[in-house]
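J.: Structure here, sequence nowhere to be found:
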């Protein structure tokens, strides 16, 4: 069974979002071994300088890369990434499995994004939209799309 690890900077604070994550985690248990790894976000001042932001990204990247498996297929969620349809995302999971990978690590950065080091480690840079979404809400959206991808592969009715 494929392992899907969501490596995310920051913790969920809203109960309704936590409940949605629990629901999709339960649904995904039929298709994969899901693990959500929450890393502490670097606290910055209200008017952080570019240097402070760069240092925070470096610190966060070290934490992220320590959690990424060397043999995983790594997806970095970033605005400059390629956009996939739900069907293409489903085919990506199929392709990863056929190529013998047993683990997919999907990385969600902080509100300042991801460092270049993390992006370089990624096998795929993925964007879901040119719009900006709250990171906590995006985690739910991502889990829904992962669930949809597995449903499409299984020929389920969920996507229809």
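T.: Okay, I see it. Computed from a prediction, not measured in an experiment: that's the story for all the values here.

J.: packing partners for the longest helix along the chain?
T.: Secondary structure of the chain per DSSP state H: the longest helix is helix 135-154. Counting by 3 or more C-beta pairs under 8 Å, 6 or more residues apart in numbering; DSSP states H and E, the packing neighbours recorded for helix 135-154 are strand 3-9, helix 15-28, strand 33-39, helix 86-98, strand 103-108. Yep, even glycine has a C-beta here, placed from its N, CA and C like the rest.

J.: would you list those in a markdown table and tack on mean pLDDT?
T.: Below are those laid out as a markdown table (pLDDT from 0 to 100):
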| stretch | mean pLDDT |
| --- | --- |
| strand 3-9 | 96 |
| helix 15-28 | 96 |
| strand 33-39 | 96 |
| helix 86-98 | 94 |
| strand 103-108 | 97 |
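
J.: Using CSV, lay out those together with mean neighbour count and distance to residue 75.
T.: Formatted as CSV, the helices and strands packed on helix 135-154 follow (neighbours: other C-beta atoms under 10 Å; distance: least, C-beta to C-beta, whole Å):
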stretch, mean neighbour count, distance to residue 75
strand 3-9, 23, 10
helix 15-28, 14, 16
strand 33-39, 16, 14
helix 86-98, 15, 8
strand 103-108, 24, 5
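
J.: Dump the ones you listed into a markdown table; add distance to residue 62 as well.
T.: Compiled in a markdown table, the helices and strands packed on helix 135-154 are given as follows (distance: least, C-beta to C-beta, whole Å):
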| stretch | distance to residue 62 |
| --- | --- |
| strand 3-9 | 12 |
| helix 15-28 | 25 |
| strand 33-39 | 10 |
| helix 86-98 | 26 |
| strand 103-108 | 13 |
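
J.: wait, which of these is closest to residue 70?
T.: Comparing the helices and strands packed on helix 135-154 against residue 70 with C-beta to C-beta, the closest turns out to be strand 103-108 (9.9 Å).

J.: in the next helix or strand after that closest one, what's buried?
T.: Of the helices and strands lying after strand 103-108 in sequence (DSSP states H and E), the nearest is helix 116-121. Neighbour-count burial for helix 116-121, counted by 16 or more other C-beta atoms under 10 Å, picks out 118-119, 121.

J.: I appreciate the help and will end here.
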